[in-house]
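Novice: Quick one: sequence and predicted model below, then my questions.
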Amino acid sequence: MFNFKKLFINYIDIFVFFFVILAKILTYGKQLDSLYFSYSAILPQAIASIILIIAFSIFIRDKHRSKFLFACNVFITLIIISDLTYFRYFKDVISIPVLINGLMLGAVGGSVNSLFHVKDLFYGLDLITIYPLLKLIPKTEQIVLKLKSKAEIFSFLIIISTSIISPKLYELSIDQPRLISSMYNRVFVVEKLGTLNYHYLDVYNSLSASITKRIPISKAKEDQIQTFLLTNSSATNNYYGKEKGKNLIIIQVEALQQFAINSTIEGKEVTPNLNKFLGRSLYFDNYFYQVAAGGTSDAEFISNNSLYPAASGAAYFLYAGNEFNSLSKELKSQGYDTAVLHGYKENFWNRNEIYKKFQFNNFFSEKSYNIDETVGLGLSDKSFLDQSIDKIKSLNKPYYSFVITLSSHFPYDDVKKYGNFNVGSMDGTQLGNYLKAIHYTDEQLGMFLQRLDSEGILKDSVVVLYGDHSAITKDNAEQLAKFENIEGVNDLSWIKLQKVPLIVHFPDESIKGVNSIYSGQIDLYPTLSNLFGLNVKSLMGQDLLNSNSGNVIFRNGSFINDSVYYTSQSNTYYNVKTGEKLAETAELKDRKEDTLNKLNYSDSILNHNLFKTFENK
Ligand code: GP9
Ligand code: MN
């Protein structure tokens, strides 16, 4: 008779591996997305992904096989914990390009510590409980399989695994055609296929991407992209060259979000100085950040090049060898002196390399500043902005200064140094600490702007100020919604919380007020190109002073405009005004397709260094 006990004991390592990994994948999926996750929907895919590893383990001899599966378990556990930690900040899962980029987030030690939750160690519990117990099971007679039998079992398992996963991949490719190959929405892939399958695909895609990058792009596609760029930047009329010859000062403020602007706590304004400055400026109140895995660096990249960020990882690392038609390059060709000012390590985000490619004349990094006071990550905004005035004044006129602040950086835990802004019942929470941090930064910006004004710089310069990216992590969404008097968080209300302010102050204050066009960081450069009469023809965004309607495209293929929000995460359309879900129409489908086309054009420009090709034409 067939001996089940013998079979069970011989292959107990496989059974244990199967069940613990299955439990981990399912728990992880639920933790990542409690809104759309469904155990039953993901179960078959998760099983298939584990069977794949087991199939390969069949060829390994018993003792070594247990060790192999144990090592795989440790590895998968580490991936899950890293993914969760990464997700808390970036709302994304880790991919190979991010790892290759040297895990820049790792350099921001404080951030990682505060994002890592001790409860995540639960995922490793089996490694110290179940596995030691396995050793106590009495040995039994070994089952020795011939190579042929092993090959048969292997084939059988592979067939099971692929027959489960293939239809799911097919379904996904019909639903979101380019998702599998471009991975523009990684979280969605994890939700649909499970974490292991996502990581298999990620490895496969990274390998094939590095190969395709080497395959030249077709001439026809090149022409198509060039034609698109030319028509996209067709001549605009209003205000063309209005600020030609004026200085340009752009201030990118760390984690400055729109909800902080004009908000009050117990009657006190959170950002009194910016609120005042708004009154003298043109204020875009439907402006969204469009960053992806590159955080701050993506905000800089998009704003200075009007290109989308990299599909995976940070453009600042991946494309540091490319040619760019950056804002600095174009202004330089008009005789401008240009500089970046940022009081942090010069090689952080690969800035020292990429700024050369953007053709900035100067980069004043941490080294150029006297680090006499620190807040959060490094030099305080107070000292940084104060010292920056002299550096800006040392530039030859006209100049372009790109100023990047730092103090209001996540996790906002240097509370004592932010001053004593009272956040009432929010004290000690992430939101409360953030509001204190941004109140501090607002105070420093107020002094900076005041000095620009009193030293006569403001009347000769266009001053642009915007926030780089989100400030509040999704696990604090409910609290943020409450602060904003929004009932319950859903996809639509959450995206509306992802706005950052864009403030443009004109030298003569001739243009003021609120402009509510739906817009994003990609639209800044086209707007400035028009105002400064640059006529740049390589921009993906649109000139906000010459457009009646806007549309914001996000890196994951989602988009929003004044009527529709499409979220690629759940393939759903919403009526922006009523919040109702909309059925997909041919027109909406076209929009979705157009969104992916634009992202694809931008990716092709970057992957094939097309600006160099166009320049040599
Ligand atoms: C540091 C800073 C941080 O130089 O720009 O980048 P972030 O972590 O916000 O992406
Ligand atoms: Mn930042």
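Specialist: On my side now, so go ahead. Numbering: from 1, shown residues only. Ligands and ions are numbered 1, 2, ... in the order given.
Novice: Next to ligand 1, which bits of the stretch 401-550 of the chain? Give me the list.
Specialist: By Cβ under 6 Å from any ligand atom, the residues of the stretch 401-550 of the chain that approach ligand 1 are 406, 409. Every residue, glycine included, has its C-beta placed from N, CA and C.
Novice: Centroid-nearest residue for the chain?
Specialist: Centre of the chain computed as the mean C-alpha position; nearest residue by Cα atoms, centre = their mean is residue 292, 2.1 Å away.
Novice: is it true that that one lies in a strand?
Specialist: No. Assigned with DSSP: H, G, I helix; E, B strand; the rest coil, residue 292 falls outside any strand and is coil.
Novice: show me the contacts for it.
Specialist: By Cβ atoms under 8 Å, 6 or more residues apart in numbering, residue 292 lies in contact with 92, 298, 309, 310, 311, 555, 556.
Novice: and the last one, how many residues sit next to it?
Specialist: This points to residue 556. Number of residues near residue 556 (other Cβ atoms under 10 Å) recorded here: 21.
Novice: average pLDDT for stretch 364-379?
Specialist: Averaged across stretch 364-379, the pLDDT comes to 95.
Novice: How far away from the center of its chain is that stretch?
Specialist: 26 Å (Cα atoms, centre = their mean, to the nearest Å).
Novice: likewise stretch 569-576?
Specialist: 20 Å.
Novice: before we move on, what about stretch 505-522?
Specialist: With Cα atoms, centre = their mean, you get 25 Å for stretch 505-522.
Novice: Now the terminal residues of that stretch, how far apart.
Specialist: 19 Å (Cα to Cα, to the nearest Å).
Novice: circling back: out of the contacts of residue 292, list just those in strands.
Specialist: Among the contacts of residue 292, DSSP state E puts none in strands.
Novice: Quick check, the residue in the chain closest to ligand 2?
Specialist: residue 296 (3.2 Å; Cβ to the ion).
Novice: How about whichever residue of the chain sits closest to ligand 1: what's its closest non-neighbour residue?
Specialist: Ranking the residues of the chain by distance to ligand 1 (Cβ to the nearest ligand atom) places residue 295 first, at 2.4 Å. For residue 295, ignoring the flanking residues on the chain, the nearest one in space by Cβ to Cβ, 6 or more residues apart in numbering is residue 469 at 6.0 Å.
Novice: Over to residue 291?
Specialist: Residue 291's closest residue in space is residue 298 (Cβ to Cβ, 6+ apart), at 3.7 Å.
Novice: Please look at the one you found and residue 312 and confirm they touch.
Specialist: No. Counting by Cβ atoms under 8 Å, residue 298 does not reach residue 312; the two are 12.0 Å apart.
Novice: thinking again about what came up before, for residue 152, see how far away the residue of the chain closest to ligand 2 is.
Specialist: Noted for residue 296: a distance of 54 Å to residue 152, by Cβ to Cβ, to the nearest Å.
Novice: cool, residue 500 as well?
Specialist: 59 Å.
Novice: Settle it for me: which of those two has more neighbours?
Specialist: The residue with more neighbours, out of residue 500 and residue 152, is residue 500; 28 against 13, by other Cβ under 10 Å.
Novice: How far away from the center of its chain is stretch 193-210?
Specialist: With Cα atoms, centre = their mean, you get 19 Å for stretch 193-210.
Novice: which residues are contacting that stretch?
Specialist: With Cβ under 8 Å, 6+ apart as the criterion, stretch 193-210 contacts 21, 25, 28-29, 42, 45-46, 48-50, 52-53, 76, 79-80, 83, 93, 95-97, 165, 168-169, 172, 180-181, 183, 186, 189-190, 312.
Novice: does any bit of stretch 407-419 sit next to ligand 2?
Specialist: No. Interface with ligand 2: stretch 407-419 contributes nothing (Cβ under 5 Å from the ion), its closest point being 6.2 Å away.
Novice: can you list contacts of that stretch?
Specialist: 89, 108, 110-111, 114-115, 253-256, 375-377, 380-382, 384, 430, 433-434, 436-441, 443-444, 471, 473.
Novice: Only alpha carbons, please: show that stretch as CSV.
Specialist: Provided in CSV are the C-alpha atoms of stretch 407-419 (Å, rounded to 0.1, in the frame of the first residue of the first chain):
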residue,chain,number,x,y,z
SER,A,407,13.6,71.2,6.3
SER,A,408,10.0,70.0,5.8
HIS,A,409,11.2,66.5,4.8
PHE,A,410,9.5,63.4,6.0
PRO,A,411,9.2,62.1,8.8
TYR,A,412,8.8,65.7,10.3
ASP,A,413,10.2,64.5,13.6
ASP,A,414,12.5,67.4,14.4
VAL,A,415,9.5,69.0,16.0
LYS,A,416,11.3,71.0,18.7
LYS,A,417,13.1,73.0,16.0
TYR,A,418,10.0,73.9,14.1
GLY,A,419,9.0,76.5,16.7
